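Enquirer: from the sequence below, what's the structure:
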Amino acid sequence: MKDLVRKNIAGITPYVAGKPIEETKRELGLKEVIKLASNENPLGPSPKAVEAIKKNLDKINRYPDANGFYLKKKLSRSFNLKPANILLGNGSDEIIDIIIKTFVEEDENIITADTTFLEYEIIARVNNRKVVTAPLKYFKYDLEAIRKKIDRKTKVIFIANPNNPTGTYITRQEVQDFLSDLPENILLVLDEAYETFIDVDDFPSSIGHIGRRNVIIMKTFSKVYGLAGLRIGYAIAKPELISAMEKARQPFNVNLLAQVAAVATLDDRKFLAKTRKVVLEGKNYLYDKLKKMGFAFVPSVANFILVDVGRDGVAVFKDLLKRGVIVRDMKQYGLKNFIRVTIGTKKENKKFIKALRKIS
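Expert: Numbering: from 1, shown residues only. This is a model prediction of the structure:
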């Protein structure tokens with residue numbers, strides 16, 4: 001068996017997903033479990049998305065629109081762009097894969113941070129591409145350190161903004177300065193999965209770079225829009241880049257129900273506003289309680305908080321699990337004494353704090 005597997009695959013540690021609620025109930029015999037591990041929308045999906053899914057259930061015997069006409073049309077209008085600026089993907093994971101397959105030659109490399117979304121490195125290594133990493137500085141992307149890592153083989157730079165798992169961000173001015181002397185033959189990918197939770201004034205208006213530079217922006221319906229289970233994301237770039245990526249995209253990659261749900265949820269501004277309100281109020285609540293309990297944490301502009309628990313994060317994760325609270329240990333990210341907790345509903349946040357108190 002060993003001889004059958006490609007060498008670059010054999011050494012990869014797979015992505016560890018947040019533990020599912022039902023699995024936790026079965027394993028531990030618990031009746032009530034909350035999940036604050038995967039940065040999902042605690043309110044569920046938009047009611048408009050659910051209604052759109054119900055209306056289209058009788059159509060699932062047909063292949064979906066391979067080009068996503070209606071969703072691209074709606075997205076392009078919202079950004080004042082053209083449908084040719086949009087690529088749809090089966091979640092951001094597939095888009096990362098498409099970017100690497102499209103642009104990175106076998107002898108070229110990608111650069112990212114050493115503590116960021118794990119899939120940049122995992123997907124690059126699956127495609128047998130070299131990954132170069134730069135350390136964070138104060139839990140934040142260090143663009144100067146990344147700049148120093150650039151060599152003649154660098155093709156793509158991945159930046160999660162806001163960053164997962166730290167919740168930190170790079171500013172508008174920092175992005176502009178970084179782009180000002182970035183070589184023209186290098187792509188900058190800005191992963192803005194959590195941009196809809198931003199509550200600061202100096203976050204980059206990255207759409208403005210699309211026409212002028214080799215910039216790709218990734219966004220998702222998994223977080224604030226509550227469609228994580230349908231797997232749908234999208235990339236925004238100039239048409240020449242999108243056209244190239246379309247060649248590497250699998251046909252029918254975004255299913256029919258995902259497309260109609262995404263179109264519907266974009267119209268539900270009330271749901272979006274409610275989600276932001278719940279997250280921002282919940283964040284302030286958790287900040288206050290964590291401070292009073294003596295826990296250090298990294299201030300976040302996303303819908304999660306990276307918490308220094310002062311001891312083995314895996315042990316804390318397991319202790320919380322026994323009390324029906326699923327969080328994310330940070331072992332795979334190299335942050336041994338940390339956990340990451342998603343901001344939930346008021347009830348869920350209180351349950352997390354109560355459980356954390358009991359094990360502290």
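
Enquirer: read off the pLDDT value for Leu87.
Expert: Here, the pLDDT recorded for Leu87 equals 98.

Enquirer: quick check: beta-bridge partners of it?
Expert: Note on Leu87: beta-bridge partners Ala235, judged by DSSP bridges.

Enquirer: tell me which residue is most central in this structure.
Expert: In the chain, the centroid-proximal residue (Cα atoms, centre = their mean) is Ala193; its distance is 4.5 Å.

Enquirer: phi first, then psi, for that one.
Expert: Main-chain dihedrals, Ala193, degrees, to the nearest 10: phi -60, psi -30.

Enquirer: any chance you could map the helices in the stretch 201-350 of the chain?
Expert: For the stretch 201-350 of the chain, applying DSSP state H, counting those that start in this stretch gives helices covering 239-248, 256-266, 269-293, 313-322, 346-359.

Enquirer: could you find the closest non-adjacent residue to Lys31?
Expert: Closest residue to Lys31 apart from its sequence neighbours, by Cβ to Cβ, 6 or more residues apart in numbering: Lys25 at 7.1 Å. For glycine as for every other residue, the C-beta is placed from the backbone atoms N, C-alpha and C.

Enquirer: the closest residue to the residue nearest to the centre of the chain other than its chain neighbours: how many residues sit nearby?
Expert: Closest residue in space to Ala193, ignoring its immediate chain neighbours: Thr220 at 4.8 Å, by Cβ to Cβ, 6+ apart. Neighbourhood size, Thr220 [other Cβ atoms under 10 Å]: 24.

Enquirer: try Glu22
Expert: Neighbours of Glu22 under the rule other Cβ under 10 Å: 9.

Enquirer: which element is it on?
Expert: Here Glu22, judged by DSSP states H and E, is contained in helix 21-28.

Enquirer: tell me the mean pLDDT for that helix?
Expert: Average pLDDT, helix 21-28: 94.

Enquirer: which of the helices of the stretch 201-350 of the chain sits closest to Gln332?
Expert: Closest of the helices of the stretch 201-350 of the chain to Gln332 is helix 313-322, at 10.1 Å (criterion: Cβ to Cβ).

Enquirer: phi, psi of Pro42?
Expert: Phi and psi for Pro42, reported as degrees, to the nearest 10, are phi -70, psi -10.

Enquirer: is it true that it touches Lys347?
Expert: No. Look at Pro42 against Lys347 with Cβ atoms under 8 Å: they stay out of range, at 9.4 Å.

Enquirer: give me the more crowded residue out of the two.
Expert: The neighbour comparison of Pro42 against Lys347 (other Cβ under 10 Å) goes to Pro42, with 21 against 10.

Enquirer: would you check how far apart that one and Ala355 are?
Expert: Pro42 sits at a distance of 16 Å from Ala355 (criterion: Cβ to Cβ, to the nearest Å).

Enquirer: next: Leu87.
Expert: 41 Å.
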